[in-house]
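Peer 1: coords below, sequence missing:
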């Protein structure tokens, strides 16, 4: 499993209460092994995720940020993830321009029954962050 | 054009509480916004490439009054965007539209002449004549115009009540600015972070970029100064400065018309317009959207489509 051999990374996951959070739970109940360096924050909807929350996470030392919500069309609040999709896509294209490597921020959709899918998403995302290494960020600042 | 402008202002002044235009500034190289209330003040109005300011910035603060405002092509887009967002109402503004062939970048001019010693400025077809105490210099305007003016897509106002001059054809599609974005995109992300750190290190967080921005209407409720949520601390580090610029850019996503007032107002010469142009270019590609060019259009982040043709499915 990734993250076991080397130092853990600080990785933040914003997960929708109605799907991805349940999906991670399903994965846990099914005893599917998950990386330990993804710290999950439960949010009411992916539409709740203000892009600034992601930016702030990087500012405070996160090496990677993942947002996961309901599949488009399945939002508990009908349209929250449709708005989220537009915002997060723009953010994903914008962050590299400001100096955060592509891959450090990702967003995806996982439903609460998709335990296996969650395992795959979490594992691969964490692997990618390990490949990128720690985010140098503002380290050289006095 | 200036005579037509004065005539039009005189004609409509009675029905307006005030007219915002450009007047003479503190030295020959500066124009300044002026507020015309009485007929005898109309003659103070000025029109030349020194009229850099985007006067649409005043409109939101003057809500409730019937205000006349002089707009260039770029400024008219800000007005249109304010209207589209319902921040001002059409009945309360009267637009004196001026086709514009570009405004001056004083930083560029400062490389050519000692701008502190300028005694007289005059204009010839496509040229600026600057006389300082020591010498006289004639410079082609193209060499000292703002970058955004070099390939301006909208020299003629897109919305106006009276147009004072013949419409001008577009000079391009913002190629000059997009080239700057492209140059940055050719760097690797760590190089780009270094670039922004270097540039933003100079930021003094004076918020001139915010105050000059016609779309920054939150004023005392700006998220940058809010304590709850406390997005940015008062700490004086480059990461706070970086955060502020990202916050500003994201709050303008889908609203910014690229008028460049942020960059012009910046006392530290930080290339802020590049950040805006990057977002604008992405929005154009994703949603085929440009802010402030079509009446009644909704900013793309305030709406959605059930299927987004340009957004790829996530890789997992």
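Peer 2: Structure received. Everything numeric here is computed off the predicted structure, so don't read it as measured data. Numbers count the residues shown, from 1 in each chain, chains lettered A, B, ... in the order given.
Peer 1: what does the stretch 101-250 of chain B have sitting close to chain A?
Peer 2: Listed as neighbours of chain A in the stretch 101-250 of chain B under the rule CB under 8 Å from any CB of the partner chain: B:181, B:184-185, B:189-190, B:192-197, B:223, B:231, B:237-239, B:242-243, B:246-247, B:249-250. C-beta here means a position set from N, CA and C on the backbone, and glycine is covered the same way.
Peer 1: in PyMOL, how would I select the buried members of those?
Peer 2: Of these, the buried ones can be selected in PyMOL as follows, counting by 16 or more other CB atoms under 10 Å in any protein chain shown:
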select buried, chain B and resi 181+184+189+192+193+195+196+197+223+231+238+239+242+243+246+247+249+250
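Peer 1: show me the residues of the stretch 101-250 of chain B next to chain A that map onto helices.
Peer 2: The members of these that map onto helices under DSSP state H are B:181, B:184-185, B:189-190, B:192-197, B:238-239, B:242-243, B:246-247, B:249-250.
Peer 1: could you report the pLDDT at the closest residue to chain A within the stretch 151-300 of chain B?
Peer 2: In the stretch 151-300 of chain B, the residue that lies nearest chain A is residue B:193 (2.7 Å; CB to the nearest CB). pLDDT recorded at residue B:193 is 94.
Peer 1: do the one 5 residues further on as well
Peer 2: Per-residue confidence (pLDDT) for residue B:198: 94.
Peer 1: and the gap between it and residue B:241?
Peer 2: 11 Å (CB to CB, to the nearest Å).
Peer 1: got it, and residue B:270?
Peer 2: Distance from residue B:270 to residue B:241, by CB to CB: 9 Å.
Peer 1: what of residue A:77?
Peer 2: Going from residue A:77 to residue B:241 by CB to CB gives 35 Å.
Peer 1: counting neighbours, go ahead and name the busier of the two.
Peer 2: residue B:241 (21 against 15; other CB atoms under 10 Å in any protein chain shown).
Peer 1: nearest residue to that one in space, please, no chain neighbours.
Peer 2: Distances taken as CB to CB, 6 or more residues apart in numbering or on different chains put residue B:203 closest to residue B:241, at 4.1 Å, once the chain neighbours are dropped.
Peer 1: does the one you found count as helix, strand or coil?
Peer 2: Following DSSP: H, G, I helix; E, B strand; the rest coil, residue B:203 is assigned to coil.
Peer 1: what residues does it make contact with?
Peer 2: Residues in contact with residue B:203 (CB atoms under 8 Å, 6 or more residues apart in numbering or on different chains) are B:241, B:244-245, B:268, B:270.
Peer 1: among those residues, name the buried ones.
Peer 2: Using 16+ other CB under 10 Å, the buried ones in the contacts of residue B:203 are B:241, B:244-245, B:270.
Peer 1: which one of those residues is nearest to residue B:171?
Peer 2: Residue B:171 has its nearest neighbour among the buried ones among the contacts of residue B:203 in residue B:270, at 25.2 Å by CB to CB.
Peer 1: so for the closest one, what's the pLDDT?
Peer 2: pLDDT recorded at residue B:270 is 97.
Peer 1: check for me that it belongs to a helix.
Peer 2: No - secondary structure of residue B:270 (three-state DSSP): coil, not part of a helix.
Peer 1: isn't it up against residue B:263?
Peer 2: Yes - using CB atoms under 8 Å, residue B:270 is in contact with residue B:263, at 7.3 Å.
Peer 1: circling back: where do the contact lists of residue B:270 and residue B:241 overlap?
Peer 2: Contact criterion CB under 8 Å, 6+ apart; residues shared by residue B:270 and residue B:241: B:200, B:203.
Peer 1: now do residue B:58: how many residues are near it, please.
Peer 2: Residues lying near residue B:58 (other CB under 10 Å) number 16.
Peer 1: what's near enough to touch it?
Peer 2: B:20, B:33, B:67, B:69.
Peer 1: ok, so of these, who is nearest chain A?
Peer 2: Of the contacts of residue B:58, the one sitting nearest to chain A (CB to the nearest CB) turns out to be residue B:69, at 31.0 Å.
Peer 1: what helix or strand does that closest one sit in?
Peer 2: Per DSSP states H and E: residue B:69 is located in strand B:67-71.
Peer 1: skip the chain neighbours and tell me the closest residue to residue A:27.
Peer 2: Closest residue to residue A:27 apart from its sequence neighbours, by CB to CB, 6+ apart: residue A:115 at 3.9 Å.
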